[in-house]
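Engineer: give me the fold of what follows.
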Amino acid sequence: MNAAWEWNDINEQKAKKRFGIKHYRAGQRKLIQAVIEGRDTLGVLPTAGGKSLCYQMPALFLPHAVLVVSPLSLMQDQQEKLSQRSIPAAGLNSTLNSSEEQETIKNIQRRQAELIYVTPERLEHPEYLKILKKAGVSLVVVDEAHCVSQWGHDFRPVYLSLRNAIRDLGRPPVLALTATATAEVTADILKQLHLPDAEVISIGIERKNLAFEVVRTVNENVKWDRLKELLQQPSGDVVIIYVPTVKQVDALCKWLSGEGFRAAQYHGRMKMTMREANQQAFMANEVDVMVATKAFGLGIDKQDIRFVVHYAVPDSVETYVQETGRAGRDGKPARALLFYRLEDRRVQSYFLGGKYPRRDESLALYRTLDQMPTPEDLGERSAEQWLTEVTGLTQKRVKVILALLEITGIIERKPHMRKIRDFSTDEEFAAFLEEYEERHNGDRQRLDAMMLYGQITTCRMRYLLDYFDEEVDSECGRCDNCRAAQEAAENTFEAGSALSGGAVKPMAPSCGVGARVAANS
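Structural biologist: Numbering: from 1, shown residues only. The predicted model follows:
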């Protein structure tokens, strides 16, 4: 049963003690207050900014459960930590077997969970919505809210159904949370979730303990040499290495293990049991190096990660900032290193080419909708399954195209799949898809911005802040470019002092872990 404490100073202090915190991080108190007061809110907090507390603490005070819509990878760790604090939580996702799911539903119906974690796919099913609405929902949390935006770096079509799900739940207040969002993405999140009056609380992306650096490389052998040099430092530091492809994950992890490093790997093609085992080993410090694709990291609350290394250029500045933010959660100095090579652009361009359906694929599916069987004739198959079989497209591609057609008002999917707009010519249909093609161009522009980051000679933090339209007061003094400029200035001063017979004070390292890898710049 939800505790529904009264929100006052005494109970707030009790709640802080229960969560093991003495002080709020920037923005947390303001977000919690907005939730308690029932206001729609979008919170933009950097990775490691403590987003989960902004809905977990209010769950103690609200009369009904808090429904958290979250990727599957975020759920397990959060539920375990809530259990340690004797805060009942439930999870509805694809990992449950039939008996586990029934038991979870019974707990929800008995109102025995203060937080309910669901994947967005579950909210596409009316039966789950009915169960949740009857049990009562005081707040809907959309974690990783950038997935809602068509202009976000990790847009997922399934998130587009959330707007309708929130309505079907009786329209409780909404808290949307994300680590990074440009002004364009922020506006689109509010549009897609239909939150016209939401308050936006943005803390900014800068982390004073995190230093950025780029290591320029010309080939794979140089990358391996530089990486080995970094990992051989006698420090016992914990490291995440992000690589773009599964093949590279396998090869790099095998090489590191052969060199004597305690390394593990993580990517989406591994069996769930192996992924979980490797993640648990990393969390328990049984391995020092995790080699992973972007599938790894959501919800990883590991405080002592000292380095996040990107073995190649990622797809966007948003992705880069989010992933590098997993370093230095304990507030101690940490470093984000990008191994930069011009040829890395080809890999990301290949991924972008596969991300968007071709115009002929969209047209083929659009035409096939005229042959759509009635719900009765479909039987146990879903409309998506039927379209996948008939068109020969992959299920993922069908989902993306259907989301596109729904966004643009060409089809509706409830109560059943049907066209609501026809076009007289193929050219007219193609013209209607131009906005989606603009998104493709937007992704290429984001990749261009990431490539430019690797080439600049000015302050890297200033570049990142400017990208997110944040105020920039001065250079960070921590990144490789700032350190190089400082060193050049001091060398000039030293040369001048030597000529004039003056003494020069040696330069102190800019931060603990940064000093030992500065030579890689």
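
Engineer: going forward, measure contacts between C-alpha atoms and count neighbours the same way
Structural biologist: Fine.

Engineer: ok, now which ones touch the residue nearest the centre of the chain?
Structural biologist: Nearest to the geometric centre of the chain sits residue 144, at 5.5 Å (CA atoms, centre = their mean). By CA atoms under 8 Å, 6 or more residues apart in numbering, the residues touching residue 144 are 70-71, 176-179.

Engineer: repeat for residue 107
Structural biologist: By CA under 8 Å, 6+ apart, the contact set of residue 107 is 90, 113.

Engineer: and stretch 218-233, how far out from the chain's middle?
Structural biologist: Here stretch 218-233 is found 27 Å from its chain centre; the criterion is CA atoms, centre = their mean, to the nearest Å.

Engineer: how is this structure divided into domains?
Structural biologist: 9-202, 210-349, 356-432 (automatic domain parsing).

Engineer: quick one, which of those domains gets closest to residue 449.
Structural biologist: domain 210-349 (6.8 Å; CA to CA).

Engineer: okay, how far is it across stretch 26-45, tip to tip?
Structural biologist: End-to-end distance of stretch 26-45 (CA to CA, to the nearest Å): 8 Å.

Engineer: after the helix or strand where residue 444 lies comes which helix or strand?
Structural biologist: Remark: residue 444 resides in helix 434-453, with elements defined by DSSP states H and E. Later in the chain than helix 434-453, the nearest helix or strand by DSSP H and E is helix 460-467.

Engineer: element containing residue 229, please.
Structural biologist: Going by DSSP H and E, residue 229 is part of helix 220-231.

Engineer: now the element after that helix, going C-ward?
Structural biologist: From helix 220-231, the next helix or strand downstream (DSSP H and E) is strand 238-242.

Engineer: can you list the residues that contact that next one?
Structural biologist: 288-294, 304-312.

Engineer: if you set the cut-off to 7 Å instead, what comes out?
Structural biologist: Contacts with strand 238-242, where a contact means CA atoms under 7 Å, 6 or more residues apart in numbering, come from 288-294, 304-311.

Engineer: rounded mean pLDDT for it, please.
Structural biologist: The average pLDDT within strand 238-242 is 95.

Engineer: quickly run through the sheet partners of that strand, with directions.
Structural biologist: Strand pairing for strand 238-242, using DSSP bridges, gives strand 289-292 (parallel), strand 305-310 (parallel).

Engineer: adding distance to residue 76, mean neighbour count and mean pLDDT, write those strands out as JSON lines.
Structural biologist: Formatted as JSON lines, those follow (distance: least, CA to CA, whole Å; neighbours: other CA atoms under 10 Å; pLDDT from 0 to 100):
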{"stretch": "strand 289-292", "distance to residue 76": "19", "mean neighbour count": "26", "mean pLDDT": "96"}
{"stretch": "strand 305-310", "distance to residue 76": "20", "mean neighbour count": "25", "mean pLDDT": "95"}
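
Engineer: closest to residue 457 out of those?
Structural biologist: Ranking these by their distance to residue 457 (criterion: CA to CA) puts strand 305-310 first, at 18.8 Å.

Engineer: gap between the next helix or strand after the closest one and the chain center?
Structural biologist: For strand 305-310, the succeeding helix or strand toward the C-terminus, using DSSP H and E, is helix 317-324. Computed by CA atoms, centre = their mean, the separation of helix 317-324 from the middle of its chain amounts to 8 Å.

Engineer: for helix 317-324, list the C-alpha coordinates in CSV.
Structural biologist: Taking Å, rounded to 0.1, in the frame of the first residue of the first chain, the C-alpha atoms of helix 317-324 are listed here in CSV:
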residue,chain,number,x,y,z
VAL,A,317,26.9,15.1,-29.7
GLU,A,318,23.8,14.1,-27.7
THR,A,319,24.9,10.4,-27.6
TYR,A,320,28.5,11.4,-26.7
VAL,A,321,27.5,13.7,-23.8
GLN,A,322,25.1,11.1,-22.4
GLU,A,323,27.6,8.3,-22.5
THR,A,324,30.6,10.2,-21.2
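
Engineer: just want the angle from the helix holding residue 229 to strand 238-242.
Structural biologist: 160 degrees (axes from the mean of the first three to the mean of the last three CA atoms, to 10 degrees).

Engineer: residues of helix 220-231 that come out buried?
Structural biologist: 223-224, 226-227, 231 (16 or more other CA atoms under 10 Å).

Engineer: now do stretch 32-47
Structural biologist: Of all the residues in stretch 32-47, those buried under the rule 16+ other CA under 10 Å are 32, 34-36, 38-47.

Engineer: much appreciated, bye for now.
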